[in-house]
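Visitor: With the sequence up front, the predicted model follows.
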Amino acid sequence: MKILSKNQHVSLESMRGLAAITVAIAHVIQFYLVRFYPDLFPYITFAAQSSVMIFFSMSGFLIGKSIQSNTIKNGYFKLSVYAESRFKRIYPPLILSIVLIFVFHYISPYVFEAVNNMLSDAYKGTLNGKFLYQPSQIFAVLTFSNGISSPATPFNQPLWSLPFEVWYYAIAGLLFTKKPLLAISAIIIFLCISSLKFEFFIYSFVWFSGLIISYIPATSERHKYIAILPFVFFPF
């Protein structure tokens, strides 16, 4: 096992950040420009989807390195440390995004074209233009069940991938404890979510291919074969 150097970690995090920024820009274009230039829609969608795949793969890779670092520092994989680090990384920005939603919900009638809508219904390819929320949906967002066991919340459509990632984190953490009951729990969670959301099963090939690659030396021939795996399932 090899721990990433500080420079390597920053470089990989930067790459993941660029993918996230690309997705954010794509959503902004979908909301504000596509209705004027509808021919842009396929290209913007392609850029966003490709960036999400990069983000998934990089996320799996970095989680794999995080697990290895955890194991080396503690002598074994310490699930509590792993869970705490994930919690601190995910929840603060998620809660901030929810607070911003509350703010935007109340100012949107005075800023955007239609009451509580970011766009009129003139063009349907812009994530429906909805900017609504219901307080009951907040629980689904905070428990990462939105879009899986409950309908996707319309106010955080750009965050549709977050529940997938969080559950991949949980499954990976349980598996790497190497405790039979926890490993079985991870498999049951994976099968249950996959049965509810087929996309979760499909995207798992991308995320876990990144995790597997993190354990393979860069000089190994297997590296490039596993790296090609996501493109077999996502040829776009």
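Guide: Alright, I've got the coordinates. Numbers count the residues shown, from 1 in each chain.
Visitor: measure the nearest residue to Ser150 once chain neighbours are set aside to Val23 for me?
Guide: Once flanking residues are discounted, Ser150 sits nearest to Ala140: 4.6 Å by CB to CB, 6 or more residues apart in numbering. Heads up, the C-betas are built off the backbone N, CA and C, glycines and all. According to CB to CB, to the nearest Å, Ala140 stands 21 Å off from Val23.
Visitor: Same check on Tyr169?
Guide: Using CB to CB, we find Tyr169 at a distance of 19 Å from Val23.
Visitor: Show the backbone phi and psi for Ser150.
Guide: Dihedral pair for Ser150: phi -130, psi 160, per degrees, to the nearest 10.
Visitor: Does the helix or strand containing Val23 pack against any helices or strands, and if so which?
Guide: For Val23, the enclosing helix or strand under DSSP states H and E is helix 6-32. Contacts defined by 3 or more CB pairs under 8 Å, 6 or more residues apart in numbering; DSSP states H and E place helix 6-32 against helix 41-74.
Visitor: Show me what the helix it packs on is packed against.
Guide: helix 6-32, helix 79-111, helix 161-176, helix 198-213, helix 222-233.
Visitor: For the residue nearest to Ser185 when sequence neighbours are not counted, grab the count of nearby residues.
Guide: Ranked by CB to CB, 6+ apart and with sequence neighbours excluded, the top spatial neighbour of Ser185 is Leu174, at 5.7 Å. For Leu174, the count of nearby residues is 22 (other CB atoms under 10 Å).
Visitor: Please report how far Leu174 lies from Leu79.
Guide: 8 Å.
Visitor: Alright, that wraps it up for me.
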